[in-house]
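Novice: Turn this into a model:
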Amino acid sequence: MRRDGLHRAIWAIALPSMATNVATALFGIADLWVIGRLGIAEAQAGVELGAKFMMGLLVVFNFLRTGTIALTAQAAGRADAAAQAAALVRALGAALLIGALLIAAMPLAVPLGLEALHARGGVADAAATYVGIRYWGGALWLVNAVLVGWLIGRRRVRAVLAIEVAANLVHVALDLLFVLGLGWGVAGVAAATLMSEALKLVAAALVAAREEPAALARQLSRQSATWERAALGALFRLNRDLFLRTLLLTGAILLLVRDGAMEGPVVLAANGILYQLFILSALLLDGFESAAQVLCGEAVGARDAARFRRLVRDVLLWGLGCGALISLVYALAGAPFAASFSTDAQVVATTLTFLPWAMLLPVLGVSSYVFDGIYIGATWTGALLVTMAIAFAVYAALLLVTGPLGNHGLWLAFALFLAARAAAQAALLPRLIRRGFAAA
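Specialist: I've put the predicted structure just below:
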């Protein structure tokens, strides 16, 4: 493929993925913004804590999405429709099983999880209300992760974008209706999220059902060969590594939340706003991760080492350029945007004090996001887990060292965690490429 064709291929996936991810980010942004209109720090902090509990519960299973993208893209690179269908069927089976287990664990998981996040007083009450409603949508989230991953792996990114935009428009409308119109408060935020997640599932299922391999998927679901130990073993080995990697990543974020909670509701609410700025930038830049997953996966499936190397270089350069641009936008316009999330003067002032960290994170973190996509697309998940373990160990040590710096120390440790991830991934990549394409 010519160089200009490669750039077009990157942006053909990255741009709609960015738009899709921004639509996804609206779930959290809308919840925090609408509850912030009430001017109650405990309610805003409770939604932040409850949302992070749900994130910790569900995002560790994001391998259902990323693993499905990788397996589907590699099968597409081989023009293997049966393998694409099998990837969908097995991932859906795993999602339904995990969803059932989570529902069974609910009576223990909720109180233990909120206690682990240091939920106290009015913040604990608000978080419990939020989680008590949102938790029932866990299985919906898991199935959505599979369907969206499968569609992205088949380059149906525009369809995923349309689904996300529609679901989020409904979500924002319900947020405004339930919280500001009907006065449901925290319960209204949770109900809006649950209902929009259900709408998203229906839409994604309808789109997936029209894809060519879907009919084959229905046949495979009834065949015993689909569920043979060897086939499932390969799936679970891939997903095991992704699960453990995501568990460490989620643990790092939850440590950020927990340490912020120990500073009180004002700092917790402020950190929640800063986290929304971080996650908005991360989801934008994850468009390049999605491009790397699909295109690198196809290159591995086609055994095209030269194209793989060009992709690594070009996706990294595009990502770094866009990361620097987002950091610049935050430096110029981040203050009024961040201040709009709350009507509590203390929360706003505290947010602005720590805003420079949100400005730094896009350009600092983007390399690690792109490397994630490269590693996942190539199914080098064991190496990905090793790099995450190294970065987490660095992060844990930094939290001890930077503790006396308070909330600044907390964000410093998190920023260096992102840098450590990228450094470890970059160090291992040349060896992995040589080994992965040794016979190419």
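Novice: any idea how far Ala159 is from Leu26?
Specialist: 18 Å (Cβ to Cβ, to the nearest Å). The C-beta positions use only the backbone N, C-alpha and C, and glycine is treated the same way.
Novice: Which pLDDT value goes with Asp431?
Specialist: Quick fix: residue 431 reads Arg, not Asp. Per-residue confidence (pLDDT) for Arg431: 93.
Novice: and if you look at Leu311?
Specialist: pLDDT at Leu311 comes out at 93.
Novice: which ones are touching it?
Specialist: Residues in contact with Leu311 (Cβ atoms under 8 Å, 6 or more residues apart in numbering) are 6, 10, 292, 295-296, 299, 374.
Novice: now do Thr381
Specialist: 67, 238, 241-242, 245, 375.
Novice: Quick check, Met15 in contact with Gly287.
Specialist: Slight slip there: residue 15 is Leu, not Met. Yes - between Leu15 and Gly287 there is a contact at 6.6 Å, judged by Cβ atoms under 8 Å.
Novice: Surely Asn271 is in contact with Leu256?
Specialist: Yes - the criterion here is Cβ under 8 Å, and Asn271 meets it with Leu256 at 7.2 Å.
Novice: between these two, which one's more packed in?
Specialist: Taking Asn271 and Leu256 together and counting by other Cβ atoms under 10 Å, Asn271 has the greater number of neighbours (27 against 23).
Novice: Not counting its neighbours along the chain, what's nearest the more buried one?
Specialist: Gly260 (4.0 Å; Cβ to Cβ, 6 or more residues apart in numbering).
Novice: quick one on the thing from earlier: between Asn271 and Leu256, what contacts are shared?
Specialist: Joint contacts of Asn271 and Leu256 (Cβ under 8 Å, 6+ apart) are Leu410.
Novice: So which helix or strand of the chain has the lowest pLDDT on average?
Specialist: Lowest by mean pLDDT, DSSP states H and E among the helices and strands of the chain is helix 212-220, with a mean of 74.
Novice: what helices or strands is the following helix or strand past that one leaning on?
Specialist: Next helix or strand after helix 212-220 toward the C-terminus (DSSP states H and E): helix 229-261. Where contact means 3 or more Cβ pairs under 8 Å, 6 or more residues apart in numbering; DSSP states H and E, helix 229-261 is packed against helix 41-58, helix 63-77, helix 81-116, helix 265-301, helix 381-402, helix 407-436.
Novice: Just send those helices back as CSV, with distance to Arg218 too.
Specialist: Formatted as CSV, those follow (distance: least, Cβ to Cβ, whole Å):
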stretch, distance to Arg218
helix 41-58, 27
helix 63-77, 17
helix 81-116, 8
helix 265-301, 24
helix 381-402, 28
helix 407-436, 34
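Novice: Among those, which comes closest to Leu332?
Specialist: Nearest to Leu332 among the helices and strands packed on helix 229-261 is helix 265-301 (13.4 Å), distances taken as Cβ to Cβ.
Novice: Just want the angle from whichever helix or strand comes after that closest one to helix 265-301.
Specialist: Once the chain leaves helix 265-301, the next helix or strand it forms, by DSSP H and E, is helix 305-339. If you take axes from the mean of the first three to the mean of the last three Cα atoms, to 10 degrees, helix 305-339 sits at 160 degrees to helix 265-301.
Novice: Mind listing what's buried along helix 305-339?
Specialist: Buried residues in helix 305-339, defined by neighbour count with 16 or more other Cβ atoms under 10 Å: 305, 307-308, 310-312, 314-316, 318-320, 322-323, 326-327, 330, 334, 337-339.
Novice: how far does the least confident helix or strand of the chain sit from the chain's center?
Specialist: 28 Å (Cα atoms, centre = their mean, to the nearest Å).
Novice: which residues are in contact with that helix?
Specialist: By Cβ under 8 Å, 6+ apart, helix 212-220 touches 81-82, 84-86, 88-89, 154, 208, 226.
Novice: pLDDT score for the closest residue to Gly297 other than its chain neighbours?
Specialist: Closest residue in space to Gly297, ignoring its immediate chain neighbours: Ala73 at 3.3 Å, by Cβ to Cβ, 6+ apart. pLDDT, Ala73: 80.
Novice: So what's the residue count around Ala73?
Specialist: 28.
Novice: do the same with the one 4 residues further on
Specialist: As a burial measure, Gly77 scores 20 neighbours (other Cβ under 10 Å).
Novice: same deal with Gly67?
Specialist: Neighbours around Gly67, by other Cβ under 10 Å: 29.
Novice: Check the one 3 residues further on too.
Specialist: By other Cβ under 10 Å, the residues close to Ala70 number 30.
Novice: returning to that earlier point: select, out of the helices and strands packed on helix 229-261, the one closest to Gly138.
Specialist: Among those, helix 81-116 sits nearest to Gly138 (Cβ to Cβ), with 4.9 Å.
Novice: what angle sits between that closest one and helix 41-58?
Specialist: Using the same axes, to 10 degrees: helix 81-116 against helix 41-58 is 140 degrees.
Novice: Settle this for me: Ile408 is touching Phe354, isn't it.
Specialist: Let me fix one detail, which is that residue 408 is His and not Ile. Yes - with contacts counted by Cβ under 8 Å, His408 reaches Phe354, the gap being 6.9 Å.
Novice: roughly how far apart are Ala116 and Leu410?
Specialist: 17 Å.
Novice: what number of residues lie near the closest residue to Leu399 other than its chain neighbours?
Specialist: In space, Leu399 comes closest to Ala413 once its chain neighbours are excluded; the distance is 5.0 Å by Cβ to Cβ, 6+ apart. Number of residues near Ala413 (other Cβ under 10 Å) recorded here: 24.
Novice: Ala413 reaches Thr402, doesn't it?
Specialist: Yes - judged on Cβ under 8 Å, Ala413 makes contact with Thr402 at a distance of 5.0 Å.
Novice: Now do the residue nearest to Phe278 when sequence neighbours are not counted, the pLDDT please.
Specialist: Using Cβ to Cβ, 6+ apart and skipping the chain neighbours, the partner closest in space to Phe278 is Leu361 (5.1 Å). pLDDT recorded at Leu361 is 95.
Novice: which helices and strands sit right next to the helix or strand where Leu361 lies?
Specialist: Taking DSSP H and E as the definition, Leu361 sits inside helix 355-377. In terms of contacts (3+ Cβ pairs under 8 Å, 6+ apart), helix 355-377 is packed against helix 63-77, helix 265-301, helix 305-339, helix 381-402, helix 407-436.
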